[in-house]
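Undergrad: Next one to model:
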Amino acid sequence: MKRFTDAEQKLAEIIWANEPVTSPKLVQICKEELNWKKSTTYTMLKKLEIKEIFINNKGIVESLLTKEEFYAEQSKQIVDEGFNGSFPRFLAAFTRHKKLSSKEISELQRLIEEHKED
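TA: Numbers count the residues shown, from 1 in each chain. Predicted coordinates:
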């Protein structure tokens, strides 16, 4: 799965926040929030459709992947590519310069227990 450009990221966030959204409404939102022209919105939407994240079906724009599904896949890709698939190596690198709060540690422990192989 390919990563987003900054512009694609902005459009994706708008779509996720407003879906299902009509194409004209999406153009209006992008004009107001991003100062984009209609052609820019449609060009960027087409790029996201090619990446199979969103679909424009008869003027209704919807996601093919939820925001959570997309970012979960992106996170997996980062771990796979940058840390040879090792989540512990990723976590060690992440925490090298950032201490975890007690709340974060508790949440991680809960997640580990929920996803532990039997």
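Undergrad: Neighbours of the residue lying closest to Ile29 once chain neighbours are set aside, how many?
TA: Once flanking residues are discounted, Ile29 sits nearest to Ile14: 5.6 Å by C-beta to C-beta, 6 or more residues apart in numbering. (Glycine included, C-beta is placed from N, CA and C.) For Ile14, the count of nearby residues is 18 (other C-beta atoms under 10 Å).
Undergrad: secondary structure element for Ile14?
TA: helix 6-18 (DSSP states H and E).
Undergrad: so where's the longest helix in this protein?
TA: Longest helix of the chain, by residue count under DSSP state H: helix 67-82.
Undergrad: Isn't Lys2 up against Lys51?
TA: Yes. Between Lys2 and Lys51 there is a contact at 5.5 Å, judged by C-beta atoms under 8 Å.
Undergrad: Mind checking which of the two has more residues around it?
TA: More crowded of Lys2 and Lys51, by other C-beta under 10 Å: Lys51, with 17 against 12.
Undergrad: quick one: that one and Thr5 touch, right?
TA: No. Taking contacts as C-beta under 8 Å, Lys51 lies outside contact range of Thr5: 10.4 Å.
Undergrad: Next one: the closest residue to Asn18 other than its chain neighbours relative to Phe70, how far apart?
TA: Among residues not flanking Asn18 along the chain, Ile29 sits closest, at 6.5 Å (C-beta to C-beta, 6+ apart). Counting by C-beta to C-beta, to the nearest Å, the gap from Ile29 to Phe70 is 19 Å.
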